[in-house]
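Trainee: here is the input, now give the coordinates:
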Amino acid sequence: MEHVKLPGRKLMTVVIALGALTVSTGCQSKHKDLVSFLKAHEHEVSAIEYRVGIPDVIEISAPQVLEIDHVRQTIRPDGKISLRLLGPVKVVGMTEKEIAAKIMRLLEPYYEDPKVQVRVTLHRSKKIYLAGQVRSGGGGGGGNQGGGVVADSWTSMPYTGRDTVLDVLAKGSMSFIAARTKVQVIRSSPHEDERRKIVVDIDRMIRTGDTSLNVLLQPNDIVLVPPTPLGWLGLRVQEVLFPFQPVIQAYNTPAGIIDSTDEYTNSDE
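Mentor: Model (predicted):
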């Protein structure tokens, strides 16, 4: 009787190898996406120092120069501030240290070795945005203006150069139907090839203390908090059946079901 060799073992080996390659490629792809996201606009982030714009407010400290000591100035539409003794000084696009150095140079004809410090007291020129399932105070923008109402909403926040994903979410407060494992950080740009998006698992970050994805935000970044699947369904039902009532009234689902959905969504794969 002639024995026929089945290709099962070889086939299984090939399948396992392909699977390993796929997983490896997937991990590499995710890693490359993360590196690409973090490296995008690296020239702007390398030493993030805030560059003032219109109409930011700065305060000058110069103990030796009474004319400008403790003076607060709003940057005018022409990008300048106006100081006693010095007149108009263009500062737009400069850092605090650069403004201080420029003022010291201008003071040299009048004072010997003047010491000047500058700090931004109000950040008004640049914004970052928080959208989706968030409870805003109604101070930023459209959608949810009620503060505690669950609905798709958005709000804007001043960009300071030190803002991270956790900072923004702590200020905004996610709603009870927020998909905390699927928060998106969107780096917007008018150029399609410069746009980036990354998904951040906030629950895992808080649970494990791994803040590697607590990325430093840039001007015009959008932090988007989507709803859980059950929350999304509830919102759609609200839109159809209760268009004139607050969204919260459309939810008769026990909180326990919402919690179980969150637990399912947040479970480790």
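Trainee: restrict stretch 48-55 to CA atoms and write it as CSV.
Mentor: Extracted in CSV, the C-alpha atoms of stretch 48-55 (Å, rounded to 0.1, in the frame of the first residue of the first chain):
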residue,chain,number,x,y,z
ILE,A,48,8.1,73.7,22.6
GLU,A,49,8.3,77.4,23.5
TYR,A,50,5.1,79.3,23.0
ARG,A,51,5.3,82.0,20.3
VAL,A,52,3.0,84.9,20.9
GLY,A,53,0.3,85.9,18.5
ILE,A,54,-2.6,88.4,18.2
PRO,A,55,-4.3,89.1,20.7
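Trainee: low-confidence regions, the stretch 51-200 of the chain specifically.
Mentor: For the stretch 51-200 of the chain, the stretches flagged by pLDDT under 70 are 136-152.
Trainee: show me where it has helices.
Mentor: Under the criterion DSSP state H, counting those that start in this stretch, the stretch 51-200 of the chain carries helices at the ranges 96-107, 165-172.
Trainee: and for Arg236, the neighbour number?
Mentor: 12 (other Cβ atoms under 10 Å). For the C-beta atoms, the positions are set from N, CA and C on the backbone; glycine is no exception.
Trainee: quick one: it is in a strand?
Mentor: No - counting by DSSP: H, G, I helix; E, B strand; the rest coil, Arg236 is not part of a strand but helix.
Trainee: select, out of the helices of the stretch 51-200 of the chain, the one closest to Leu235.
Mentor: helix 165-172 (18.0 Å; Cβ to Cβ).
Trainee: show me what counts as buried in the closest one.
Mentor: Neighbour counts using 16 or more other Cβ atoms under 10 Å place Val165, Leu166, Asp167, Val168, Leu169, Gly172 of helix 165-172 among the buried residues.
Trainee: need the helices of the stretch 51-200 of the chain in CSV with distance to Val225, can you?
Mentor: Below are the helices of the stretch 51-200 of the chain laid out as CSV (distance: least, Cβ to Cβ, whole Å):
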stretch, distance to Val225
helix 96-107, 32
helix 165-172, 8
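Trainee: what about the residue nearest to Gly79 when sequence neighbours are not counted, how many residues close to it?
Mentor: For Gly79, ignoring the flanking residues on the chain, the nearest one in space by Cβ to Cβ, 6 or more residues apart in numbering is Val92 at 3.1 Å. If you count neighbours by other Cβ under 10 Å, Val92 ends up with 18.
Trainee: residues contacting Val92?
Mentor: The contact partners of Val92, taken as Cβ atoms under 8 Å, 6 or more residues apart in numbering, are Val52, Gly53, Ile54, Ile75, Gly79, Lys80.
Trainee: how near is Leu66 to Lys182?
Mentor: Distance of Leu66 to Lys182, given as Cβ to Cβ, to the nearest Å: 56 Å.
Trainee: so between these two, which is more surrounded?
Mentor: Between Leu66 and Lys182, counting by other Cβ under 10 Å, Lys182 is the more crowded of the two (18 against 10).
Trainee: just checking, the more buried one touches Asp201?
Mentor: Yes - the pair Lys182 and Asp201 qualifies as a contact (Cβ atoms under 8 Å) at a distance of 7.5 Å.
Trainee: tell me where the stretch 101-250 of the chain has strands.
Mentor: 117-122, 127-132, 153-158, 183-187, 196-200, 222-225 (DSSP state E, counting those that start in this stretch).
Trainee: what about the closest residue to Pro158 other than its chain neighbours, neighbour count?
Mentor: The shortest distance from Pro158 to any non-neighbouring residue, by Cβ to Cβ, 6+ apart, is to His123 (4.0 Å). His123: 19 surrounding residues under other Cβ under 10 Å.
Trainee: does His123 touch Asp163 like I think?
Mentor: No - using Cβ under 8 Å, His123 is not in contact with Asp163, being 9.6 Å away.
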